[in-house]
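Colleague: predicted model follows, preceded by the sequence.
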Amino acid sequence: MVVLDKYLDDIDNEEADLPPSYDTITIASSSTVIDEKPRPSPPTAPRPAPRPTAPSSSSTWFSFLPNARIKQTHQTVISLLHDLVATTTTENSAAAPILASCASALSPSSFSTLLQQPTFEGHTPIYWAILNRHAHILPDMLQYAGPLNNACIADIRLACLASGDQVLFGKLRRGELPFITTLARADSDTLILGSTSADDIDVREVDGEAAFSASIKIRLWQKRMRVAGLVNVEFIARGERSLILFSSSLILAGRIWSLTFFSLPSPSSFSSSLTTRGAGIGPWRVALSLMEHSPPTFVDGRLVIDVFCPRSSSISLPFESSSPAHSRYPSLPSTPVPTSPTQAKPPVEIPLQSASRLAHRTLDGCVFNVLDLGRGGVGGSRYV
């Protein structure tokens, strides 16, 4: 019995340590309110911005290394160009390879810009190539520099004027090979003339006098006047006169002359603008003017125009139809129609005289000495 009591006591003790009943858990859980709202997170302090790390000296050097190389290459090309155009040797077999090496060292646009910049004493390398008569490298320089801007064109014209090179000036204006430039003819002349060379000018200086004579051959002059209403030629004439001052010779500067043939606008309202004067309905006139960098001067000369008449020839007018039965009009016999016989006409002479100095006007480009070229003859002249 003792053993049994001891066993029962152990059971009672174990029941006291048992978990609560199901009912007790249900009642306790029903009386408990659970808040399921999200709790706000505690404020966190802002993180400090990372401090910029100073680049090392080696990385800074390598970042500027390409710019330093480009600048050094640029300066080397300038030095080579200076030596190339500053030499007085007119023939140099190494000039073309040196120029090609300079062109390959830079991009085409950079080298074109460099050739058109007034780098040497306020002028472009092309200016000094013309002034020092380096005709052997001038075509390549113009090709590398193209297309030329207005400032470079003005510098080229000034170089031709300073050197008194009328032959080169004419080739540049005509765009004659190998001097392919944008100094060439107007668009209307290009359409009319095509590949034909125009405006051959031969200037001869008169020894001992400040005078010159210019023989000008204008191709398709009447056709260009009827279509465009404007034909302009330019040439350089030095008109040299040497003055002895303290045993030194002073050569007066040359001039760029412009001879312009133009037609006045028609009085009608349809051709009142300058753009419609190309019909050539109005009277034809001629104007002599001085261009940029040309000192003023008096003019006492004459313009002589040779009149060429067509030779006597026969013009065949074949109006034969391939199918006479279906032709609307009867066919005309193929008979030659003689033209008017050749008539010898004296040349037209126009006096070119100015009451005051003829000068270049920067506003409109020139001062006109207007002379009428009437159809029935030469009219009066007036100075504008």
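Modeller: Great, that's in hand.
Colleague: can you tell me the helix or strand for Y127?
Modeller: helix 125-131 (DSSP states H and E).
Colleague: buried ones in that helix?
Modeller: 125-131 (16 or more other C-beta atoms under 10 Å). C-betas here are computed from N, CA, C, even on glycine.
Colleague: and of the residues you listed, the nearest to L259?
Modeller: Nearest to L259 among the buried residues of helix 125-131, counting by C-beta to C-beta, is I130 at 23.2 Å.
Colleague: surely D199 touches V233?
Modeller: Yes: the pair D199 / V233 is scored as a contact, 4.9 Å apart, by C-beta atoms under 8 Å.
Colleague: what sits in contact with each of the two?
Modeller: Contact criterion C-beta atoms under 8 Å, 6 or more residues apart in numbering; residues shared by D199 and V233: 216, 218.
Colleague: who are the contact partners of the residue nearest to S294 when sequence neighbours are not counted?
Modeller: Spatial nearest neighbour of S294, chain neighbours left out: R255 (3.8 Å); criterion: C-beta to C-beta, 6 or more residues apart in numbering. Residues near R255 by C-beta under 8 Å, 6+ apart: 161, 236-239, 290-291, 294-295, 297.
Colleague: out of these, who's the most crowded?
Modeller: I236 (26 neighbours; other C-beta atoms under 10 Å).
Colleague: is it in a helix, a strand, or coil?
Modeller: strand (DSSP: H, G, I helix; E, B strand; the rest coil).
Colleague: how close does the nearest residue to it once chain neighbours are set aside sit to H136?
Modeller: The shortest distance from I236 to any non-neighbouring residue, by C-beta to C-beta, 6+ apart, is to Q166 (4.4 Å). Applying C-beta to C-beta, to the nearest Å, the value for Q166 to H136 is 20 Å.
Colleague: give me the more crowded residue out of the two.
Modeller: Using other C-beta under 10 Å as the criterion, Q166 and H136 rank with Q166 on top: 23 against 15.
Colleague: before we move on, back to that, bridged to the residue nearest to S294, which residues?
Modeller: Beta-bridge partners for R255, by DSSP bridges, are A237.
Colleague: now stretch 201-208: average pLDDT?
Modeller: What stretch 201-208 shows for mean pLDDT is 83.
Colleague: pull out the buried positions in that stretch.
Modeller: Quick answer for stretch 201-208 (16+ other C-beta under 10 Å): 201, 203, 205.
Colleague: give me the below-cutoff pLDDT ranges for the chain.
Modeller: The model of the chain has pLDDT under 70 over residues 1-66, 90-91, 177-190, 192-197, 208, 239-253, 265-281, 308-344, 361-384.
Colleague: now the strands for it?
Modeller: 200-206, 211-217, 230-237, 242-245, 248-251, 255-263, 284-290, 300-305, 314-315, 337-338, 348-353, 369-374, 377-383 (DSSP state E).
Colleague: contacts only, for S258.
Modeller: Contacts of S258 by C-beta under 8 Å, 6+ apart are 232-234, 287-291, 366.
Colleague: show me where this structure has helices.
Modeller: Using DSSP state H, the helices found in the chain span residues 2-16, 22-30, 57-86, 95-105, 108-115, 125-131, 138-145, 150-163, 166-174, 187-193, 221-228.
Colleague: buried stuff in the fifth one?
Modeller: Of all the residues in helix 108-115, those buried under the rule 16+ other C-beta under 10 Å are 111-112, 114-115.
Colleague: before I go, just wanted to say thanks for your time.
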